[in-house]
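Q: please find the sequence and the predicted model below.
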Amino acid sequence: MTKRAINDVQSFLTFMESDGNRVYQIVNVELLLRRHPPEAVVSFLQELHRDYGRELSKLIQEDKTNSQINELVAKRFRLKMAINTIRNYGKEEAA
């Protein structure tokens, strides 16, 4: 993958804490993509997406007003966007 494509993926997996004092990386995808093929990284991100989904379900059953629900929904969305970006890059390369 190109540096630009990796940066696009990483931008989905990086966000600021709500207080604005800390930058948080869900995953350092640049390091993963250097060491593993894109398919393996997608599989890992999908597994993480599923884990967050399980945690989200548990939180919703316990307390629907828990603020962690918002964070998990945002993380799952960002993971899905990163997965789609990697897949789309693979399709563009194949074409």
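A: Yep, that arrived.

Q: any buried residues in the helix or strand of the chain with the lowest mean pLDDT, and which?
A: Ranked by mean pLDDT, DSSP states H and E, the helix or strand of the chain with the weakest confidence is strand 14-16, at a mean of 89. Residues of strand 14-16 classed as buried by neighbour count (16 or more other Cβ atoms under 10 Å): Phe15. (C-beta placed from N, C-alpha, C; glycine too.)

Q: quickly run through the sheet partners of whichever helix or strand comes after that strand, with directions.
A: Next along the chain after strand 14-16, taking DSSP states H and E as the criterion, comes strand 23-25. Note on strand 23-25: by DSSP bridges, its sheet partners are strand 14-16 (antiparallel).

Q: tell me how far the partner strand is from the chain's mean position?
A: A distance of 11 Å separates the centroid of the chain from that of strand 14-16, by Cα atoms, centre = their mean, to the nearest Å.

Q: give me the contact list for stretch 86-95.
A: Residues from elsewhere that reach stretch 86-95, judged by Cβ atoms under 8 Å, 6 or more residues apart in numbering: 1, 5, 9, 38, 41-42, 45.

Q: in it, which residues are buried?
A: 86, 89-90.

Q: check pLDDT for these and point me to the minimum.
A: Least confident of the buried residues of stretch 86-95 in the model: Gly90, at 80.

Q: ok, and that one, which helix or strand is that part of?
A: Applying DSSP H and E, one finds Gly90 within helix 68-94.

Q: any weak-confidence spans in this protein?
A: Applying pLDDT under 70 to the chain picks out residues 95.

Q: and the residue most central in space within it, what does it touch?
A: In the chain, the residue lying closest to the centroid (Cα atoms, centre = their mean) is Leu79, at 2.4 Å. By Cβ under 8 Å, 6+ apart, the contact list for Leu79 reads 12-13, 26, 45, 48-49, 52.

Q: and if you look at Leu56?
A: 69, 72-73, 76.

Q: then Thr85?
A: Contacts of Thr85 (Cβ under 8 Å, 6+ apart): 5, 8-9, 12.
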